[in-house]
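Asker: Quick check, what structure comes out for this input:
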Amino acid sequence: MTAFVITWNLNKERENYAQARKDFIAHLERHANVGESGMESVRWISTTYSVDQICNDLRTKMDKNGRIFVSQVVSGTHHG
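Answerer: Model (predicted):
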């Protein structure tokens, strides 16, 4: 398993934002993950997916105005 940090910004102006956010989180939670209450659009996940697979998979729950950033977390190369 590999660790990744994911951050996203869904389009808040869409008419069903609350449900879209709930659906996105539910989709993300298919992977082992940890969130932080002070950073509500950041999750750390552990998965066998590649960074491209994660990004492509999560984009299926976003509209064209949403944004996502996914990066692998390598032991010893981060702080916090």
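
Asker: ok, and residue 43, which helix or strand is that part of?
Answerer: Using DSSP states H and E, residue 43 sits in strand 39-47.

Asker: how about low-confidence regions in the protein?
Answerer: 78-80 (pLDDT under 70).

Asker: Could you tell me the end-to-end distance of stretch 53-71?
Answerer: 12 Å (Cα to Cα, to the nearest Å).

Asker: List of residues touching that stretch?
Answerer: With Cβ atoms under 8 Å, 6 or more residues apart in numbering as the test, stretch 53-71 has contacts from 4-11, 13-14, 20, 23-24, 27-28, 31, 45, 47, 49, 51. (C-beta placed from N, C-alpha, C; glycine too.)

Asker: And stretch 18-30, by the same measure?
Answerer: Stretch 18-30 is contacted by residues 6, 8, 10-11, 14, 43, 45, 57-58, 60-63 when judged by Cβ under 8 Å, 6+ apart.

Asker: Next SSE downstream of the longest helix seen in the chain?
Answerer: Longest helix of the chain, by residue count under DSSP state H: helix 17-28. Going down the chain from helix 17-28, the next helix or strand is strand 32-36, by DSSP H and E.
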